[in-house]
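Enquirer: got a predicted structure plus its sequence, pasted below:
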Amino acid sequence: MKSSAKQGSLIVSTGSAVPDFTINNYQISQIVETSDEWILARTGISERRLLTDYNHSVIDLAVEASKQALEKIDMDPLKIDLIILATSSPNDLFGSASQLQAKIKAFNAVAFDLTAACSGFVIALVTASQFLQTGNYNNILIVGADALSKWTNWSDRSTCILFGDGAGAAILQSCSLQNNEILGFHLSTDGNYSDQLSLAYQNQYSPHPSLKLAQGSFNYIQMNGREVYKFAISKVPESILLCLNSLNLSADDVNWLLLHQANDRILKAVADKLSIGSDKIISNLNKYGNTSAASIPLVLDQALSENKISKGDIVVVSGFGAGLTWGTVVLRWMSD
């Protein structure tokens, strides 16, 4: 990344939220033909959280995560200039960020949705940093939130074992270039493989015989697991190395590898390709499964609460998934 930034950007607070209901591998084995051993060996997932209350939605999770982040730094919501909601499972296809803005009473903030599935939070992080670097905004709330259980075929054991619901939030603030936390980024898309992981619209019927159009609905999540695995272990290490090389850093300089929580085998394969020890992988996949855009902010918030990340640490954040999209952000952590 080449930048003519006027100022830097800094993550000053995080928050997270998951539903109360837990479904473990044994319970899933009562729904589809599978087992705890089979799921754990192939994914690294033991349990995941699901939204089951009809009166609660992905926005409720986003609100809880956002309020946590605000409360940690005692920030008035009216100081938020912009809200970016990364989600592929909104309450409203016209956009749900405005609902989040209203519920947390951030009435001075512009709000919009960003749809990039599992890469959503990384792209939101880059987008927010661009707004901050121009000097137009001072405080930005980014939220990754998804409830893919709503779009999962619970008869398909190749997908229903993977996904969980959750939300994670981060507040970014403008700062001096000397304190800039986001050192660089790399983003990519290859739409030729978009059908390998999709939640596609499907025409079903004509609303009236005289109208030459069709209406329908969205299908369940469809995934070619083998191809997605090959894509991830090829493109993600490449993206990380491109980003590190542009900053004159190497894999040896990395303190923490914070990847989208998709599959334990992917996390380990990426680390192996970079010759980064497994002790540097930050993960909570075992407890929450693949929460799409929420996975990176969820595990970041947990790592910070456990005091894993220290001031000065180089943290490599990388997301990958539907689109197919992938991207990397390199951080030098500046908070104590």
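Expert: Thanks, I have the structure now.

Enquirer: from what I see, A109 and L85 are in contact.
Expert: No. With contacts counted by Cβ atoms under 8 Å, A109 stays clear of L85, the gap being 11.1 Å. Heads up, the C-betas are built off the backbone N, CA and C, glycines and all.

Enquirer: the more surrounded of those two?
Expert: Set A109 next to L85 and count neighbours by other Cβ atoms under 10 Å: L85 wins out with 31 against 23.

Enquirer: give me the number of residues near the closest residue to that one other than its chain neighbours?
Expert: The spatially closest residue to L85, leaving aside those adjacent along the chain, is A97, at 3.9 Å (Cβ to Cβ, 6 or more residues apart in numbering). Burial of A97 is recorded as 25 neighbouring residues (other Cβ under 10 Å).

Enquirer: same check on A65?
Expert: A65, neighbours per other Cβ under 10 Å, totals 29.

Enquirer: isn't there a helix covering it?
Expert: Yes. Under DSSP: H, G, I helix; E, B strand; the rest coil, A65 falls within a helix.

Enquirer: count the neighbours of E71 for me.
Expert: Neighbours of E71 (other Cβ under 10 Å): 11.

Enquirer: so Q68 makes contact with A62?
Expert: No. With contact defined as Cβ under 8 Å, Q68 does not reach A62; the gap is 10.9 Å.

Enquirer: out of the two, which sits in the busier spot?
Expert: Neighbour totals were compared for Q68 and A62, and A62 leads with 35 against 18 (other Cβ under 10 Å).

Enquirer: list the helices and strands the strand or helix carrying that one packs on?
Expert: Using DSSP states H and E, A62 falls within helix 58-72. On a contact count with 3 or more Cβ pairs under 8 Å, 6 or more residues apart in numbering; DSSP states H and E, helix 58-72 meets strand 8-17, helix 97-103, strand 139-147, strand 165-175, helix 295-305.

Enquirer: averaged over its residues, what pLDDT does it have?
Expert: The average pLDDT within helix 58-72 is 98.

Enquirer: likewise stretch 188-203?
Expert: Mean per-residue pLDDT for stretch 188-203: 91.

Enquirer: next, the buried residues of that stretch.
Expert: 188, 193, 196-199 (16 or more other Cβ atoms under 10 Å).

Enquirer: just put those in JSON lines and tack on distance to D81.
Expert: Formatted as JSON lines, the buried residues of stretch 188-203 follow (distance: Cβ to Cβ, whole Å):
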{"residue": "S188", "distance to D81": "29"}
{"residue": "Y193", "distance to D81": "36"}
{"residue": "Q196", "distance to D81": "37"}
{"residue": "L197", "distance to D81": "33"}
{"residue": "S198", "distance to D81": "34"}
{"residue": "L199", "distance to D81": "31"}
